[in-house]
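Peer 1: Okay, sequence plus prediction incoming.
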Amino acid sequence: MKKASLLTLVVILVSSLVTGCGSTTSPSPSSSTSTSGVKDPATITIAWLPNNSGDNEKEFRDEFDNVITKATGIKVENKLTTDYAIAISALESGDAQLGYFGPNEYIVSHAKDPKVVPVVVESGDSGTLKDALYYSRFLVKKGNENQYKSGDGFDIDNIVGKKMSFVSTSSTSGFNMPAAAILGKFTKQDKWKNLTKDGLAQGGNDKFFGQVLFAGSHQLSLVNVLTDKSDISAVDDIDVAQYVELSQGKDNETGAVYTVKQGADAPFNTLAGAQYEIIQSIPVLNTPVEANSAALSQKTLDAITQALTSDQTTNDPKIFAPKGSKGSVFVQPHRFLKVEDSWYAPMRKVLGYTS
């Protein structure tokens with residue numbers, strides 16, 4: 001894997017959004033993969049990662065299913081999971097025909113089988129792909145942040161030997177992007193010049209981290225740092241936004257402080273008032289709704305794409321909810337846009353999947 005500094009990671013991703021990759025139009029999701037002759041299943045199954053499998057997102061999932069059913073005339077069911085690998089393998093095998101997984105998960109699946117394709121992606125506030133980003137963050141419990149101070153800001157220089165909470169080795173923002181940032185910084189040092197992602201996934205006296213936890217979801221990784229099970233947690237912004245509010249600083253910037261809301265749903269229902277601070281934040285290209293195009297006909301894929309990118313879906317508050325709403329997955333003023341595989345080329349570079 002090519003090592004890159006955090007600044008390089010940011011430049012690669014942000015530059016990709018302000019150049020040709022910012023177009024809001026693109027070929028149909030399976031333009032490079034023929035799906036002629038594919039027979040549609042009697043039921044379309046959507047696989048969801050643990051982050052989106054909770055009861056608090058049921059209303060959203062039901063409405064999303066309704067959009068697909070109305071567009072295709074095919075019944076839809078959800079495959080809810082407690083493990084990343086189960087959800088991903090369901091899509092790869094064709095047991096599920098649609099999924100909503102992070103860019104790393106998509107890139108790995110597409111490399112195994114090019115018939116796994118992106119269908120749509122959530123836009124940014126501009127309604128285009130130019131700001132279609134979310135964030136991977138290194139978080140610490142409020143009160144513990146001073147040990148990570150560097151001048152007027154923060155750095156990850158002092159994370160060696162700490163208790164670290166990741167989400168899953170498959171997770172883009174919960175492991176792979178943080179790992180890329182760590183490797184980009186520390187492999188320049190003789191002591192850690194042979195450090196790898198596999199090495200970051202293991203804890204111990206002779207390892208980079210003293211202890212490594214894999215929480216299984218972004219929500220539970222945040223719980224780990226708030227309850228002192230970890231010193232630092234890797235957590236994205238989008239999967240925990242509904243449970244917290246910004247208390248200090250600028251959203252998703254280093255030094256920002258967040259507080260768990262009163263009345264927050266589980267697993268934060270006993271943590272109201274708990275606070276955490278960002279010590280590093282990394283932009284990530286937005287997550288695709290993806291399909292196994294060997295399991296759905298082109299006609300059905302086109303119908304799904306048209307329905308999801310329609311103004312009717314964009315204006316549906318059960319799909320695109322106000323920011324911070326309970327049970328929200330996609331938020332206003334965003335919309336779905338068609339996207340092709342090449343849009344994720346910058347992520348491949350950042351994550352080390354290209355030479």
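Peer 2: That came in fine, so what should we check first? Just so we're clear, the structure is a prediction, and the values are computed from it rather than from any experiment.
Peer 1: how about the strands of the stretch 51-200 of the chain, start to end?
Peer 2: Along the stretch 51-200 of the chain, counting by DSSP state E, counting those that start in this stretch, strands occupy 75-80, 98-100, 116-122, 133-141, 149-150, 153-154, 163-166.
Peer 1: helices or strands next to the second one in the packing?
Peer 2: Using 3 or more Cβ pairs under 8 Å, 6 or more residues apart in numbering; DSSP states H and E, the elements in contact with strand 98-100 are strand 43-48, helix 84-93, strand 288-292. Bear in mind the C-beta positions are built from the backbone N, C-alpha and C, glycine included.
Peer 1: Could you rerun that using 7 Å?
Peer 2: Counting contacts by 3 or more Cβ pairs under 7 Å, 6 or more residues apart in numbering; DSSP states H and E, strand 98-100 packs against strand 43-48, strand 288-292.
Peer 1: Going by neighbour count, list what's buried in the following helix or strand past the last one.
Peer 2: Once strand 288-292 ends, the next helix or strand along the chain (criterion: DSSP states H and E) is helix 298-308. Along helix 298-308, these residues count as buried under the neighbour rule (16 or more other Cβ atoms under 10 Å): Q298, T300, L301, D302, A303, I304, T305, A307, L308.
Peer 1: of all the residues you listed, which comes closest to Y243?
Peer 2: L308 (26.0 Å; Cβ to Cβ).
Peer 1: Quick check: which ranges of the protein have low pLDDT?
Peer 2: By pLDDT under 70, the weakly predicted segments of the chain are 1-36, 354-355.
Peer 1: At the geometric centre of it, which residue sits there?
Peer 2: G102 (4.2 Å; Cα atoms, centre = their mean).
Peer 1: Distance-wise, check that one relative to N176.
Peer 2: 8 Å (Cβ to Cβ, to the nearest Å).
Peer 1: swap in T259?
Peer 2: From T259 to N176 the distance is 28 Å (Cβ to Cβ).
Peer 1: These two: who's more crowded?
Peer 2: N176 (30 against 19; other Cβ atoms under 10 Å).
Peer 1: For the more buried one, which non-adjacent residue is closest in space?
Peer 2: Spatial nearest neighbour of N176, chain neighbours left out: N104 (4.5 Å); criterion: Cβ to Cβ, 6 or more residues apart in numbering.
Peer 1: do I46 as well
Peer 2: Using Cβ to Cβ, 6+ apart, the nearest residue to I46 is L98, at 4.5 Å.
Peer 1: go on, E92?
Peer 2: In space, E92 is closest to S109, 5.4 Å off (Cβ to Cβ, 6+ apart).
Peer 1: That neighbour contacts I88, doesn't it?
Peer 2: Yes. Here S109 reaches I88: they are 6.3 Å apart, a contact under Cβ atoms under 7 Å.
Peer 1: Contact partners for the residue nearest to the centre of the chain?
Peer 2: Under the criterion of Cβ atoms under 7 Å, 6 or more residues apart in numbering, the neighbours of G102 are S171, T172, S173, T287.
Peer 1: Which of those residues has the largest number of neighbours?
Peer 2: S171 (29 neighbours).
Peer 1: Quick one: residues in contact with the biggest helix by length in the chain.
Peer 2: The longest helix of the chain (DSSP state H) is helix 58-72. Residues external to helix 58-72 that are found in contact with it (Cβ under 7 Å, 6+ apart): 44, 75-76, 78, 300, 303-304, 306-308, 313, 316, 318-319, 327, 329.
Peer 1: Give me the buried positions along it.
Peer 2: Buried-residue list, helix 58-72, by 16+ other Cβ under 10 Å: F60, R61, F64, D65, V67, I68, A71, T72.
Peer 1: so how far is K318 from the second one?
Peer 2: Distance, R61 to K318, using Cβ to Cβ: 10 Å.
Peer 1: Could you do the first one as well?
Peer 2: Separation of F60 from K318 (Cβ to Cβ) stands at 6 Å.
Peer 1: How about the fifth one?
Peer 2: Here V67 is placed at a distance of 9 Å from K318 (Cβ to Cβ).
Peer 1: for the third one, same thing?
Peer 2: If you measure F64 against K318 using Cβ to Cβ, the figure is 8 Å.
Peer 1: Report how many residues lie close to the residue nearest to V240 when sequence neighbours are not counted.
Peer 2: Nearest residue to V240 in three dimensions, chain neighbours excluded: L222, at 5.3 Å (Cβ to Cβ, 6+ apart). Neighbour count of L222, defined by other Cβ under 10 Å: 31.
Peer 1: Skip ahead from the host helix or strand of L222 and say which helix or strand is next.
Peer 2: Using DSSP H and E, L222 sits within helix 218-226. Using DSSP H and E, the helix or strand that follows helix 218-226 towards the C-terminus is strand 232-236.
Peer 1: can you pull the buried residues of that next one?
Peer 2: I232, S233, A234, V235, D236.
Peer 1: between the residues you listed, which is closest to G249?
Peer 2: V235 (16.1 Å).
Peer 1: if I read this right, the closest one contacts L139, doesn't it?
Peer 2: Yes. Between V235 and L139 there is a contact under Cβ under 7 Å: 5.4 Å.
Peer 1: which neighbours do those two share?
Peer 2: With contacts defined as Cβ under 7 Å, 6+ apart, the residues shared by V235 and L139 are L222.
Peer 1: Much appreciated, bye for now.
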